[in-house]
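A.B. asks: Need coordinates for the following:
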Amino acid sequence: ISDAMAIPSSSPYTLILLAPPGKDLYIRDNYCSYTAKTNCYWTPLDLLVQSGILRDQFSTEVLDCLALGLDRRQAIDTIRKKKPTVILALTGMVSWKEDEEFFRQLLQRSQGRRPALFVMGDVALTAGRELMHQWEFLDGCLLDYTSRSLADYLSAGTGPSKDLLLRGKEESSNQSAPDPEEVSAKYFRYPVPDHRAFPLSRYRHPLVRSGRFATVISSLGCNMGCSFCVDSLIPLRLRQTENLYEELVYLRTLGIRELYFYDPMFTSSKHRISEVCDVLEPMGFSWFCNAHVRMLDEETIRKMKAAGCHTVMVGFESGNDSTLQKYKGGRVSTSASRDAARLLKKAGISTLGYFMLGLPGETEKDILNTIDFSLALSIDYASFNIYSPVAGTSLAAESLSGTQGATGDLWKQMDRTTGSGTMEGEPGQSARDQLRRLAYRRFYLRPSCMLRQLASKRSPGSLLKMTSDFARLARVNMTSRRGNTS
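C.D. replies: Below is the predicted model:
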């Protein structure tokens, strides 16, 4: 902590894990940030993992302002009353301007010695040094939310590392995202998170089927290398299955029976899928996860179904094989996507498909092909996103080379909520947004889709929840000008 904010050694640290308030429903989590398309908001994974790491050494509280519905004034008043010495907060490209205003007001209104402020999120990962230069009040950025670096710094005064940026401290030789070649396939573990510290009853997700649910991970990063995705910056690491089992046992004691596996790539390999499913099958959880087309063969799908999987979210991305070859490295084809969707339906597993519209070089015809492809797959849900360059990705560097600002300040220029920013004003931007809204209308307003959704709701509560989700879906995606959200 900088000298101006130094805390006397005799004073105990009191920490607040903070999800700041927002003007909209922001997902700032797991190195991503966007405006929620439906009425969904789950436990912020970054804060959740750090809750287990920090609670053994420090007095720690959680304040999730979005879950609790706190506005800026209420959040500041609540934090002032708690008088924390350290705040670890989320921020993101979707909300960094709002977050900056909030943090400035919060620190200006602090009584006595102001708390030290550290942040996590996609913008911290990809532009941490630039963010610290912009926010002179910021004390540091935690780049890896599974790391003990911040806890060690607070307890023992250790210096900066590849996982922790600190103001006023000498940079280590590598204070950026680690090289995939250096850390691929490593295992990790962390203390069981303090799920009870979070307002579990306030979290919701349209895919949840059985009341309260918990967010967990069995891995970090992704090994599929999509050039447009921030997860391609995070080397794949696998969580030790014994460590995962400890958390699942704890969740059962809380009465949790539904899990959201928020791994960017739950299906990183068939061996890994089998390994995790062997842990899950005897425990009786129902769950849903992200999956890759290439891993979804009949045997694997059968294994996942037996272990409790009811829904998978799959990045089909495009209905054009030339686009898939260019941006997904040939790891996916339209034929493989059709096969995966067919096998999932046969097994009785619901499917949500992700589709990316307007990748560089795509024409209006290509986008319409993707929309038609989404309808032909016979999947249950679809999420359509307008391509926006994401700082740090190889495609952002490619598509913005030579443009004003290039990628160094992309986090400032890009509004990932609207799919605009550096791309704004270029030919086709408005047309892409109109096509995205067309995609939602064509997919969700089909009689067959609406009847299928109604038939799946077995109680008045689930029907009410579906109505609320659809109302937000229509507002955000069918009538408003919105973009790169999930």
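A.B. asks: could you show me where the strands are in the stretch 251-400 of the chain, in order?
C.D. replies: Along the stretch 251-400 of the chain, the segments classed as strands by DSSP state E, counting those that start in this stretch run 258-261, 286-291, 309-317, 350-357, 381-386.
A.B. asks: Need these in CSV (columns: distance to residue 153 and mean neighbour count).
C.D. replies: For the C-beta atoms, the positions are set from N, CA and C on the backbone; glycine is no exception. Shown next, in CSV, are these (distance: least, C-beta to C-beta, whole Å; neighbours: other C-beta atoms under 10 Å):
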stretch, distance to residue 153, mean neighbour count
strand 258-261, 30, 22
strand 286-291, 32, 23
strand 309-317, 36, 23
strand 350-357, 37, 22
strand 381-386, 37, 22
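A.B. asks: What pLDDT is listed against residue 446?
C.D. replies: Predicted confidence (pLDDT) for residue 446: 85.
A.B. asks: you'd agree it is up against residue 376?
C.D. replies: No: contact criterion C-beta atoms under 8 Å: residue 446 and residue 376 do not qualify, at 11.9 Å.
A.B. asks: Based on its surroundings, how many neighbours for residue 285?
C.D. replies: A count of nearby residues for residue 285, using other C-beta atoms under 10 Å, gives 22.
A.B. asks: which residues does it contact?
C.D. replies: Residues near residue 285 by C-beta atoms under 8 Å, 6 or more residues apart in numbering: 248, 256-259, 308.
A.B. asks: Go through the residues you listed and say which is closest to residue 231.
C.D. replies: residue 259 (19.8 Å; C-beta to C-beta).
A.B. asks: Tell me the bridge partners for the closest one.
C.D. replies: Beta bridges link residue 259 to residue 214, residue 287, judged by DSSP bridges.
A.B. asks: ok, it touching residue 216?
C.D. replies: Yes: the pair residue 259 / residue 216 is scored as a contact, 5.6 Å apart, by C-beta under 8 Å.
A.B. asks: which neighbours do the two share?
C.D. replies: 248, 251.
A.B. asks: Report the buried residues of the helix ranked longest in the chain.
C.D. replies: Looking across the chain with DSSP state H, the single longest helix is helix 429-444. For helix 429-444, a neighbour-count test (16 or more other C-beta atoms under 10 Å) marks 429, 432-433, 435-440, 442-444 as buried.
A.B. asks: Now do residue 413, the pLDDT please.
C.D. replies: So, for residue 413, pLDDT stands at 51.
A.B. asks: How much space separates residue 282 from residue 150?
C.D. replies: 36 Å (C-beta to C-beta, to the nearest Å).
A.B. asks: and residue 364, how many neighbours does it have?
C.D. replies: Neighbours of residue 364 using other C-beta under 10 Å come to 13.
A.B. asks: Pretty sure it sits against residue 431.
C.D. replies: Yes: the criterion here is C-beta under 8 Å, and residue 364 meets it with residue 431 at 6.4 Å.
A.B. asks: Please list all residues in contact with residue 347.
C.D. replies: 298, 301-302, 305.
A.B. asks: Out of the residues you listed, list just those in helices.
C.D. replies: 298, 301-302, 305.
A.B. asks: Which member of the contacts of residue 347 is positioned nearest residue 267?
C.D. replies: residue 301 (10.0 Å).
A.B. asks: So that closest one sits against residue 344, correct?
C.D. replies: Yes: with contact defined as C-beta under 8 Å, residue 301 counts as touching residue 344 (6.1 Å).
A.B. asks: higher neighbour count, the two?
C.D. replies: Using other C-beta under 10 Å, the more surrounded residue of residue 301 and residue 344 is residue 344, with 26 against 23.
A.B. asks: From residue 263, how far off is the residue lying closest to the more buried one once chain neighbours are set aside?
C.D. replies: Nearest residue to residue 344, sequence neighbours excluded (C-beta to C-beta, 6 or more residues apart in numbering): residue 351, at 4.9 Å. Per C-beta to C-beta, residue 351 is found 17 Å from residue 263.
A.B. asks: ok, now residue 222?
C.D. replies: 9 Å.
A.B. asks: and these two? which has more neighbours close in?
C.D. replies: residue 263 (26 against 22).
A.B. asks: What's the separation between that one and residue 169?
C.D. replies: In terms of C-beta to C-beta, residue 263 sits 32 Å off from residue 169.
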